[in-house]
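>>> Give me coordinates for this.
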Amino acid sequence: MARSEVHPFHDFLQWQVWPGSYKNPPVDGNFPCPDGIALRIDKQTAIVSMGSCFAREIKKVLVQQEYNYIVEERDNPASAHASAAWERTYNSFSMRQIFAYTFDRFTPQLRWWKVPGEDRVQDPYRRIMLYDSLEEAQVDFAAHVAASRRVLKRAEVLILTLGLTEIWEDTEDGSVICLPSGPYPNNGGDMSRYRFRVSRYQENLDNLEYIYSLMAAHNPECKIVITVSPVHLWATFRKDLDVISASCNSKSTLRAVADEFVSKYDNVFYFPAFEMATIYTMLQGKSYFADGKENFHVNRKTVQFIMDHFFKYYNPQ
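Numbering: from 1, shown residues only. Just a heads-up that it's a prediction; the model follows:
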């Protein structure tokens, strides 16, 4: 039990007070864990996940620890980050579109990019997906939709890792491309129909609500775990903010969105991976940043610390 030293007197549980404040215990390598976490995940639980770079780290550890991590399209490089060939989903709009084409409708006006001067086509909504022909792209995407549906309907726990709020939006129909990258834009493809903007709180919350509604309809027993990625922006397309401030805005917005979303549903849970990396690791006098050219990423020790606590939270022995 921890105590306040200011009026009015109040008793707090230890996880309710800042580590090391007043006479309260300092950090000891165990992130404060609230009482009564209702979610339980064991090695038989069917787990599905999606997100960006940090989601890939979650997947790696779950597979290494021999949890029942569900994967389809294993030979497709776009499944390296997730349970199907969804590729990296940097924002909630990309996630929403996945659930739309899996369970609802997703019919953007411009579905494929034709690489200038070539027969190849690129999927604007899955960053690295390239095909030798439009016919090949259409056949493979139909198979992907079927795989996506199987994975999401099998999930007992779905982990969604929120990354950033910056998006590139089709000005004609509002669809959101993954990133303006790959051979189509690099070879001079027309990008004039797309605009960059910063998405805001309510629309990100609306995206999660849409995802929830589809999962409730198609897999109502599934539990959802929300995390915010501790991987910062490598660069920002914003002209009004530096990259550090832009990254902070993304994470802060998404953390607030997650808090409201989780508070509304008994089967949705928040896992504080972001806080474990960016605050608790620093309180221990350690850096959570990776070395080298990708120093905006999270280092291996911090990933392991986070995942050790994931198991502590949801599979206590």
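>>> Please make it C-alpha for all contacts and neighbour counts, starting now.
Will do.
>>> hang on, Pro25 is in a helix, isn't it?
No - read with DSSP: H, G, I helix; E, B strand; the rest coil, Pro25 is coil and lies in no helix.
>>> Output the below-cut-off pLDDT ranges for the stretch 1-150 of the chain.
For the stretch 1-150 of the chain, residues meeting the criterion pLDDT under 70 lie at 1-8.
>>> make it 80
1-10 (pLDDT under 80).
>>> Strands along that one, start to end?
Under the criterion DSSP state E, counting those that start in this stretch, strands of the stretch 1-150 of the chain are mapped to 2-3, 11-12, 47-50, 113-114, 121-122, 130-131.
>>> Can you tell me what sits against the third one?
In this case it means strand 47-50. Identification of contacts with strand 47-50 by CA atoms under 8 Å, 6 or more residues apart in numbering yields 55, 59, 67-71, 81-83, 86, 88-89, 151-152, 155-161.
>>> Buried residues in stretch 274-289, which are they?
274-278, 280-281, 283, 287-289 (16 or more other CA atoms under 10 Å).
>>> picking that back up, any chance of the strands of the stretch 1-150 of the chain in a markdown table, plus mean neighbour count and distance to Ala146?
Conversion of those to a markdown table gives the following (neighbours: other CA atoms under 10 Å; distance: least, CA to CA, whole Å):
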| stretch | mean neighbour count | distance to Ala146 |
| --- | --- | --- |
| strand 2-3 | 16 | 52 |
| strand 11-12 | 11 | 50 |
| strand 47-50 | 26 | 15 |
| strand 113-114 | 18 | 22 |
| strand 121-122 | 22 | 20 |
| strand 130-131 | 20 | 19 |
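>>> nearest to Tyr210, of those strands?
Closest approach to Tyr210 among those (CA to CA): strand 47-50, 15.9 Å.
>>> and the closest one, how far from the chain's centre?
Computed by CA atoms, centre = their mean, to the nearest Å, the separation of strand 47-50 from the middle of its chain amounts to 10 Å.
>>> now swap in stretch 174-182 and tell me
On the basis of CA atoms, centre = their mean, stretch 174-182 sits 17 Å off its chain's mean C-alpha point.
>>> got the end-to-end distance for that stretch?
The first residue of stretch 174-182 is 21 Å away from its last residue (CA to CA, to the nearest Å).
>>> Please spell out which residues along stretch 213-221 are buried.
Neighbour-count burial for stretch 213-221 flags 214-215, 219 (criterion: 16+ other CA under 10 Å).
>>> And for stretch 59-70?
The neighbour-count check on stretch 59-70 (16+ other CA under 10 Å) flags 59-62, 67-70 as buried.
>>> Mind checking which of these are in helices?
Taking DSSP state H, the ones among the buried residues of stretch 59-70 that sit in helices are 59-62.
>>> Turn the residues you listed into CSV, including distance to Ser229.
Shown next, in CSV, are those (distance: CA to CA, whole Å):
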residue, distance to Ser229
Lys59, 13
Lys60, 15
Val61, 15
Leu62, 16
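>>> Which of these sits closest to Arg127?
Nearest to Arg127, judged by CA to CA, of these is Lys59 at 19.0 Å.
>>> That closest one and Val71 touch, don't they?
No - Lys59 sits out of contact with Val71 when judged by CA atoms under 8 Å, with a separation of 9.8 Å.
>>> can you list residues touching both of those two?
Ala82.
>>> show me the contacts for Phe310.
Counted by CA under 8 Å, 6+ apart, Phe310 has contacts Phe271.
>>> Would you list the phi and psi of it?
Backbone torsions of Phe310, given as degrees, to the nearest 10, read phi -60, psi -50.
>>> how near is the closest residue in space to Tyr69 that isn't next to it in sequence to Val157?
The shortest distance from Tyr69 to any non-neighbouring residue, by CA to CA, 6 or more residues apart in numbering, is to Ile47 (4.8 Å). Distance, Ile47 to Val157, using CA to CA: 5 Å.
>>> Also Leu39?
With CA to CA as the criterion, Leu39 and Val157 are 9 Å apart.
>>> now swap in Thr89 and tell me
18 Å.
>>> Would you mind telling me which of those two has the busier surroundings?
Thr89 (29 against 23; other CA atoms under 10 Å).
>>> so that one touches Cys178, yeah?
Yes - taking contacts as CA under 8 Å, Thr89 lies within contact range of Cys178: 7.2 Å.
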